[in-house]
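All I have is the shape, not the residue letters:
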């Protein structure tokens, strides 16, 4: 079982690179491992791809099909968003989530949406859709229209939905990690049983805010899961070239936290890992979960991603999390090709309708620039 722990010496990962299913060599030989000769204090658990079935995890057939639809919605939404950006319908920056959909969907199905909180960085469209934001409000936010989730004033990098306890969408690398610990502390202070899932990329691990927050989160025993979405390149530099220790789950030892490594290319791996870590958080045990994933597009729309080869990209596309789940559904006869084609057509139409909705939605009026900024309605700097 993945939750069990057995003694095993950690081995270094060759050149810090992920292997095969996105899990490092340190954990290829089993589902779990613990520190031994290296003298570190906390065990880590490995959740490899292909190790779990939906039945074993207590996921129903209908939920498995819904997971596939949720992931596919994110993919089609992002593809259409890229097209609209090219047509200059969307301004500013646009960071696509293509390739990482299993992380968001697996998390959403493991958590209690509305009770638990979520905060993330600027690659936030996928999480918003996974949590239940509509295609209309998501696309209109990209368009800067009042039909958007923040009436068009947040844009791509600042998705927000109070009803879902979704607190962004933050543009400063690593700047929101401490906020996530604060949200978790608020859950503990209120005693509401909620936890905070704090997502950030591999590049943010190099920020001082990450290490400062880990220390305080461990010290105050905040109900928080710190999820590192390791897509291997940050803005454009491979992790093994930027970090002396590219196995990010190891940092947890320094703060007395448990840690784990999951495959972001397998939704069941993410679901199982998130379920276990959320359970720890509910007992005020913060933890670090590194999810090895891969983005198929550049860092943003302005990035041609010339730092990786076509051969590497093609090889990683063979591990596509959506294709993996599609194959799983077909193999187990949970859906037919005709069923999945029909779902795809329906999703494509939904996304096209969201574009039409966004086109028709008006832009916010200029006086709205002062709304939703200050809590005080009579703040002295407000003007007509």
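That came in fine, so what should we check first? From a predicted model like this one, the values you see are computed outputs, not experimental measurements.

hey, let's count contacts and neighbours off CA atoms from now on
Fine.

buried ones in stretch 103-120?
The neighbour-count check on stretch 103-120 (16 or more other CA atoms under 10 Å) flags 103-111, 113, 115-120 as buried.

what's downstream of the longest helix along the chain, the next helix or strand?
Ranked by residue count, the top helix of the chain under DSSP state H comes out as helix 61-86. For helix 61-86, the following helix or strand on the C-terminal side (DSSP states H and E) is helix 101-110.

contacts for the helix or strand just after that next one?
Downstream of helix 101-110, the first helix or strand assigned by DSSP H and E is strand 117-119. Strand 117-119 has contacts (CA atoms under 8 Å, 6 or more residues apart in numbering) with 164-169, 176, 180, 183-184, 194-199.

what does stretch 211-227 give?
Stretch 211-227 is contacted by residues 177-178, 180-181, 184-185, 187-188, 194-200, 205, 255-257, 277-278, 280-291 when judged by CA under 8 Å, 6+ apart.

List only those of the residues you listed flagged as buried.
Of the contacts of stretch 211-227, these count as buried by 16+ other CA under 10 Å: 177-178, 180-181, 184-185, 187-188, 194-200, 205, 255-257, 277-278, 280-291.

Among the residues you listed, which ones are in strands?
196-200, 287-291 (DSSP state E).

Adding pLDDT and distance to residue 331, write those residues out as TSV.
Formatted as TSV, those follow (pLDDT from 0 to 100; distance: CA to CA, whole Å):
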residue	pLDDT	distance to residue 331
196	98	36
197	98	33
198	98	34
199	98	32
200	97	34
287	98	35
288	98	33
289	98	30
290	98	29
291	98	26
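
residues in contact with residue 157?
For residue 157, the contact set (CA under 8 Å, 6+ apart) comprises 93-95, 121-124, 168-171.

nearest spatial neighbour of residue 57, skipping sequence neighbours?
The shortest distance from residue 57 to any non-neighbouring residue, by CA to CA, 6 or more residues apart in numbering, is to residue 272 (7.1 Å).

what's the answer for residue 178, then?
Spatial nearest neighbour of residue 178, chain neighbours left out: residue 213 (5.3 Å); criterion: CA to CA, 6+ apart.

got the buried residues for stretch 241-257?
Buried, per 16+ other CA under 10 Å, within stretch 241-257: 243, 245-253, 255-257.

Just give me the closest of those to residue 156.
Among the buried residues of stretch 241-257, residue 248 lies closest to residue 156 (CA to CA), at 27.3 Å.

So which residues of the stretch 101-250 of the chain form helices?
Ranges of helices in the stretch 101-250 of the chain, per DSSP state H, counting those that start in this stretch, are 101-110, 125-131, 135-143, 177-190, 208-220, 239-242.
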